[in-house]
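> sequence first, then the predicted structure, then my questions.
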Amino acid sequence: MVEPGAARTCRRPREPERAGPPRAAMNFLRGVMGGPSAGAQPSGAETIQKLCDRVASSTLLDDRRDAVRALKSLSKKYRLEVGFQAMEHLINVLQTDRSDSEIIGYTLDTLFNIVSNDLEEEEQEENSQKQVDDLGRQFTEIFIKQQENVTLLLTFLEEFDFQVRWPGVKLLTSLLKQQGPQVQQIILVSPMGVSRLMDLLADSREVIRNDGVLLLQQLTKSNAAIQKIVAFENAFERLLDIVTDEGNSDGGIVVEDCLLLLQNLLKNNNSNQNFFKEGSYIQRMKPWFEVGDDNSGWSAQKVTNLHLMLQLVRVLVSPTNPPGATSSCQKTMFHCGLLQQLCTILMATGVPADILTETINTVSEVIRGCQINQDYFASVNAPSNPPRSAIVVLLMSMVNERQPFVLRCAVLYCFQCFLYKNQKGQGEIVSTLLPSTIDATGNSVSAGQLLCGGLFSTDSLSNWCAAVALAHALQDNATLKEQLLRVQLATSIGNPPVSLLQQCTNILSQGDKIDRRGSKVQTRVGLLMLLCTWLSDCPIAVTHFLHNSANIPFLTGQIAENLGEEEQLVQGLCALLLGICIYYNDNSLENCRKEKLKQLIEKRIGKENFIEKLGFISKHELYSRAAQKPQPSFSSPDHMMFDHEFTKLVKELEGIITKAIYKSSEEDKQEEEVKKTLEQHDNIVTHYKKVIREQDQQLEELKQKVNTLKSQNEQLQTAVTQQMSQIQQHKDQYNLLKVQLGKDNQHHTSHSNTLQMNGIQPEEISKLRQEIEELKNKHEVLQGQLREKDSVIENMKSLQSETGTNEQSSQITAGLEHGNELHRELEALRIQIQSQSLDISKLQSEKQELLQQMGLFRTTPYCWGKAKNTASVPALGDSSAVIAAKNSELEGRLLQEIKELKNDVKALSEEKALLKQHLDSVNSTVAVLQNEKSKLQQEVAESKKEQDDLLVLLADQDQKILALKNKLKELGEPVEDEDDIESGDQGDEDEEEEGEEED
Amino acid sequence: MAYAYLFKYIIIGDTGVGKSCLLLQFTDKRFQPVHDLTIGVEFGARMITIDGKQIKLQIWDTAGQESFRSITRSYYRGAAGALLVYDITRRDTFNHLTTWLEDARQHSNSNMVIMLIGNKSDLESRREVKKEEGEAFAREHGLIFMETSAKTASNVEEAFINTAKEIYEKIQEGVFDINNEANGIKIGPQHAASNATLAGNQGGQQAGGGCC
Ligand SMILES: Nc1nc2c(ncn2[C@@H]2O[C@H](COP(=O)(O)OP(=O)(O)OP(=O)(O)O)[C@@H](O)[C@H]2O)c(=O)[nH]1
Ligand SMILES: [Mg+2]
């Protein structure tokens, strides 16, 4: 018997030559056919017929067994004969001799040889292959005609005996290969047919288990019902176990077979995908992608295994799956770390190019349309120095001519998937192009720079990829379409910068002048797709495009020309672009209004012609292929023409544009009008809504303003009262000072002993006046005294001259001189007192002024206006007229109220200003008062001092007079009125002293 | 998500009785008013909690149409629980219960827990099968019974959860061989160890720890 290991290690060809015909069979053949030396050889057919007869008629099991064994050994060389002649007998053996596993084994082997094409594949010539296929199919048909044969075969698969089970597995596999659907159906209806086959995976003999996997591969091919039953029978668990046990990607061909079976079970089978996800099997895929640092020297088997593993991931997140299913798998792949693992491979070194390419494709579909995964992808950095984002590193490959074509396609796909339904990502990419964010240092390359570089490189493939990539950054994103209009390009030194939009058009129109690698059509198709995406649904971009007067003539020129087939696609795209310029035209440019452009088409191209050219796009053979799936996959670089998303745009716009072109200008106008009135109504409503919203806001603001003004006013009022009390304080202080002044005066003059200060100014003043009056009186008295004393001195002089001795006379002379001096001094004093009284009168007048100013200051009672915010917003009516009326009424009312409020506010602020003025003037008055007060104080102090001096002088004089009198008495001269004078003086002096003591 | 046990269920019964609706109500809390004929089998899953333990239910909703019978029979063997559904507004669906039950008993493992469900209890006015009849049938055949409405969600949770409780109890009693996945029961990965004692009760069958 064949050792199991052999079959496993060299499975292709499926069955190795199982030794030559066994010895027994050889002997038997010699017997029936005669030896090689025994003359004429019987034909194969004859021999086979004899053997068949033996199988059918022999009563001895050994005989039958030998005959079957002989048939088996002939079945390869005489496949046709054995098949036709022995089939029936072999089936009979299966039914009757099932107790003998050996004969059953030979029978199954023979049947396998008849049915299977595997063996002869290598031997047969190419041209006869078809014939062979037919042979296998015909014999299969004969075999399965009786369904019981298959059911019978299924029972042999349950036999544990290796020599029965193994050939049984192979035969059934072959039958399935030849007539899949029919055999599947038979198995499906036989009770537990599928379930029983699942037991093969549990067979401890690896050959059977491995061939069981192959059988299940055939069994599950494109049959959802069977796939589900197999999954129900825990196939996922078992297959994943085998993969793990065999060492994941390092495992042998069994791993490959298991992966293929898993793919059969999951591909396009949503129920099974759901089961796979719910069974937490996605988590078990993660270790598959844990590759080491050293990725060189991978075996072919490892590459194959990894390839299939990646494809299995893609099956679960395919864009063609139901959206909900894909997105839940995508999330699981992020949460279990599978995506992160894939990204590690993406950035690892030494990974074979085809694995890298497939990894990129896989990452693409794992992130496509799934925000958290896209965000994660954007954060992945390549382990370079300085670190670059994975996106930038990938884009560098996309616009690098030396990279393999499939890799560049994969990168483009990855970029597209990153941007798919990812406004955030789109914004990030576009922002790297905008003037404000461009890294001026030029240290790091940005995605935007790479895309621009690709767009304008001399490699048409780079042009196409960059254009499509950029179009995806704008897809369904009106904001970015507008923002990208701001991008200006520095072309050559000395020339002004050109907008990105214009530069694209320039290259289109001058494309032929530039020497490019690859196809010119490719570049132009790429740029036209970009422009169509950019301009569609973006009237501002259309206006920008139309603004350059060269653009429309270029388009019409292209469309109108009768060009070769090569150019038809470009013509179609030009027609589409022109159509977009019409459909998304907001008529903001007088020369390029919708109807003008339509007239232009009619005149220069013709409507029919235009529509025909437009139709070139969707009729192109490459169009439908691109429309099938999002992944850009092209058999050759020349076929890289259409982008999947763009085909959607074409589908959407083709009909609309055709309609728009055929519409008469009347209809157009009518539609326009309807649209306009509708828009107007909408606009009116939105306008009024806006107005109301704004006015609401204004009202709110004004209310707030009124409130702040109110509180400000309150503050001011308290400030005013504070100031008033301050003024009062100042006044009090002033009065106090005056009282003190009065007291001081009392000390020295004894005039004002009855004065009472009470802070009321008029009284104060009158008192001051009184004081001054008294001072005056005092002066008069003093002067009178002085005069008296003068006369006394005069008298004494004359007396002296009458009596005079020398001594005496000299003394008297001296005394007289002294008297004269006194006299002069007195004179001076008098002058001083006069000036003092002048000062006092001045003070008085100043005081008067002060009083007047004080009178000016009065608090004015204020009447604050109240803001009436009672406006109510009426509900919007159904008809726009009612709305309009109500709105205008409302607007009026609101305006009125706002006006009132404004007036209120104005009045308030005026009042505020007035108050401020008052405050200021009060403040300055206070300052003036204080100033004057200090002046007065000074003057009072001065006059006090002068008085003191005067008093001292008077006292001196009195003393001198007394001395003179005494001298005169000594001299014997009678002194008249002496006592009177003295007593009078004395009395005065006494009084003064008493007053001082009393105080 | 981690679970202590995983139970496989099947839902069987005549076409149009509301099997798919019951599943949809249980997994998505939605009702589908249009009869979307099930082709073959559809899969659904949900996590429930019993006795503080997380239990994952994997449910296969089968087609009731006769032509799919051979396919749907393949699912009996590996299921731990079955919801056998009839429509209380259609007596024929009740009359067919015997056939369904025979079929189920023949192809399933003997321990399979069967819950009899009289669905569309919201259509009281069109009722053709009395609740007592359902109860009697269940009693007679050793089934659990419940009337449900996939439309109002009445008793839907209970139907699925009570079935799980019954299975859970059978496990506790040691009736189920939890180490044979063909019974439609699987022990959660991290619970393998803690269930060693349970396995021990069943007559010393291994299962020994097995976590490391
Ligand atoms: N009023 C009401 N209608 C229900 C209820 N359950 C199901 N239906 C309706 O019954 C019809 C059939 O429901 P399905 O769940 O598709 O029936 P099914 O048993 O899955 O049928 P098959 O897939 O053919 O086996 C649908 O129109 C449902 O809207 C219910 O509880 N109340
Ligand atoms: Mg259904």
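Arrived safely, thanks for sending. Ligands and ions are numbered 1, 2, ... in the order given.
> how much space is there between the nearest residue to residue A:322 once chain neighbours are set aside and residue A:316?
Using Cβ to Cβ, 6 or more residues apart in numbering or on different chains and skipping residues adjacent in sequence, the residue nearest residue A:322 is residue A:270, 6.1 Å away. For the C-beta atoms, the positions are set from N, CA and C on the backbone; glycine is no exception. In this view, residue A:270 and residue A:316 are 11 Å apart by Cβ to Cβ, to the nearest Å.
> so between those two, which is more surrounded?
Higher neighbour count among residue A:270 and residue A:316: residue A:316, with 24 against 15, using other Cβ atoms under 10 Å in any protein chain shown.
> what parts of chain B come near ligand 1?
Neighbours of ligand 1 within chain B, by Cβ under 6 Å from any ligand atom: B:15-21, B:32-38, B:63-65, B:119-120, B:122-123, B:149-151.
> strands of chain B, residue ranges please.
B:5-13, B:41-50, B:53-62, B:81-87, B:113-119, B:144-147, B:185-187 (DSSP state E).
> now the first one, how far from the chain's geometric center?
It refers to strand B:5-13. Mean C-alpha position of strand B:5-13 versus that of the full chain (Cα atoms, centre = their mean, to the nearest Å) differs by 4 Å.
> look up how far residue B:127 lies from the most centrally placed residue in chain B.
Geometric centre of chain B, nearest residue: residue B:82, 3.2 Å, by Cα atoms, centre = their mean. Separation of residue B:82 from residue B:127 (Cβ to Cβ): 24 Å.
> find the nearest non-adjacent residue to whatever residue of chain B ends up closest to chain A, please.
Of all residues in chain B, the one sitting closest to chain A is residue B:45 (3.8 Å; Cβ to the nearest Cβ). Spatially, and ignoring its direct neighbours in sequence, residue B:45 is nearest to residue A:278 (3.8 Å; Cβ to Cβ, 6+ apart).
> count the neighbours of that neighbour for me.
Residue A:278 - counted by other Cβ under 10 Å - has 22 other residues nearby.
> isn't it up against residue B:59?
No - counting by Cβ atoms under 8 Å, residue A:278 stays clear of residue B:59, with 9.9 Å between them.
> which residues do these two both contact?
The contact sets of residue A:278 and residue B:59 overlap at B:43, B:45 (Cβ atoms under 8 Å, 6 or more residues apart in numbering or on different chains).
> residue closest to the middle of chain A?
residue A:424 (5.0 Å).
> I'd like the next helix or strand past the helix or strand harbouring that one.
Element membership for residue A:424 (DSSP states H and E) is helix A:423-431. Later in the chain than helix A:423-431, the nearest helix or strand by DSSP H and E is helix A:447-455.
> what residue in chain A comes nearest to chain B?
residue A:278 (3.8 Å).
> what's the first-to-last distance across stretch A:280-294?
The first and final residues of stretch A:280-294 sit 30 Å from each other (Cα to Cα, to the nearest Å).
> can you point out the buried residues in that stretch?
By neighbour count with 16 or more other Cβ atoms under 10 Å in any protein chain shown, stretch A:280-294 contains the buried residues A:280, A:281, A:282, A:284, A:285, A:286, A:288, A:289, A:291.
> just give me the longest helix of chain B.
helix B:156-173 (DSSP state H).
> quick check: mean pLDDT across that one?
Average pLDDT, helix B:156-173: 95.
> against which helices or strands is it packed?
Helix B:156-173 sits against strand B:5-13, helix B:19-28, strand B:41-50, strand B:53-62, strand B:81-87, strand B:113-119, strand B:144-147, with contacts defined as 3 or more Cβ pairs under 8 Å, 6 or more residues apart in numbering or on different chains; DSSP states H and E.
> again, only using 6 Å
In terms of contacts (3 or more Cβ pairs under 6 Å, 6 or more residues apart in numbering or on different chains; DSSP states H and E), helix B:156-173 is packed against helix B:19-28, strand B:41-50, strand B:113-119.
> the shortest one and ligand 2 in contact?
No - contact between strand B:113-119 and ligand 2, assessed by Cβ under 5 Å from the ion, is absent, since the two come no nearer than 11.7 Å.
> keeping just the C-alphas, turn that strand into CSV.
C-alpha atoms of strand B:113-119 as CSV (Å, rounded to 0.1, in the frame of the first residue of the first chain):
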residue,chain,number,x,y,z
VAL,B,113,-34.4,21.3,24.0
ILE,B,114,-37.5,22.1,22.0
MET,B,115,-39.6,25.2,22.7
LEU,B,116,-43.1,25.3,21.1
ILE,B,117,-44.1,28.8,20.1
GLY,B,118,-47.5,30.0,19.1
ASN,B,119,-46.7,33.2,17.2
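> tell me what angle that strand forms with helix B:156-173.
170 degrees (axes from the mean of the first three to the mean of the last three Cα atoms, to 10 degrees).
> how about strand B:113-119: buried residues?
B:113, B:114, B:115, B:116, B:117, B:118, B:119.
> returning to what we had before: buried only: go through the residues of chain B next to ligand 1 for me.
The neighbour-count criterion (16+ other Cβ under 10 Å) marks B:15-21, B:38, B:63-64, B:119-120, B:122, B:149-151 among these as buried.
> beta partners of residue A:382?
residue A:388 (DSSP bridges).
> so for it, what's the pLDDT?
pLDDT for residue A:382: 89.
> against ligand 1, how distant is it?
52 Å (Cβ to the nearest ligand atom, to the nearest Å).
> cool, residue A:147 as well?
Distance, residue A:147 to ligand 1, by Cβ to the nearest ligand atom: 27 Å.
> and for residue B:68, the neighbour number?
Counted with other Cβ under 10 Å, residues neighbouring residue B:68 total 18.
> residues touching it, list them.
The neighbours of residue B:68, taking Cβ atoms under 6 Å, 6 or more residues apart in numbering or on different chains as the test, are residue B:40.
> okay, it: pLDDT?
pLDDT at residue B:68 comes out at 92.
> hmm, back to that, neighbouring contacts of the longest helix of chain B?
B:7, B:25-26, B:48, B:50, B:55, B:80-81, B:113, B:115, B:117, B:146, B:148, B:176, B:178.
> 7 Å instead, please
The contact list for helix B:156-173 (Cβ atoms under 7 Å, 6 or more residues apart in numbering or on different chains) reads B:7, B:9, B:22, B:25-26, B:48, B:50-51, B:55, B:57, B:80-81, B:83, B:111, B:113, B:115, B:117, B:144, B:146, B:148, B:150, B:176, B:178, B:185.
> where in chain B is the helix or strand with the lowest mean pLDDT?
Between all helices and strands in chain B, the lowest mean by mean pLDDT, DSSP states H and E belongs to helix B:196-201, at a mean of 41.
> so the residue of chain A closest to chain B touches residue B:44, yeah?
No - with contacts defined as Cβ atoms under 7 Å, residue A:278 does not count as touching residue B:44, sitting 8.3 Å away.
> near chain A, which residues of chain B are found?
When proximity is defined as Cβ under 7 Å from any Cβ of the partner chain, chain B approaches chain A at B:40-43, B:45, B:58, B:60, B:70-71, B:73-75, B:77-78, B:181.
> change it to 8 Å
Counting by Cβ under 8 Å from any Cβ of the partner chain, chain B comes close to chain A at B:1, B:8, B:40-45, B:56, B:58, B:60, B:70-71, B:73-75, B:77-78, B:107, B:181.
> weed out the non-buried ones from the residues you listed.
Counted by 16+ other Cβ under 10 Å, those give B:8, B:40-45, B:56, B:58, B:60, B:70-71, B:73-75, B:77-78, B:107, B:181 as buried.
> doesn't residue B:9 make contact with the residue nearest to the centre of chain B?
Yes - contact criterion Cβ under 8 Å: residue B:82 and residue B:9 qualify, at 6.7 Å.
> ok, back up a step: which of the strands of chain B comes out lowest on mean pLDDT?
strand B:185-187 has the lowest average pLDDT among these, namely a mean of 90.
> and the contacts of it?
By Cβ under 8 Å, 6+ apart, strand B:185-187 touches B:4, B:5, B:6, B:7, B:8, B:80, B:167, B:171, B:176, B:178, B:195.
> farthest-separated two in these?
Pairwise distances across those (Cβ to Cβ) peak at 17.6 Å, for the pair B:8 and B:195.
> I'd say residue A:176 and residue A:220 touch.
No - in this structure, residue A:176 is not within contact of residue A:220 by Cβ under 8 Å, at 9.6 Å.
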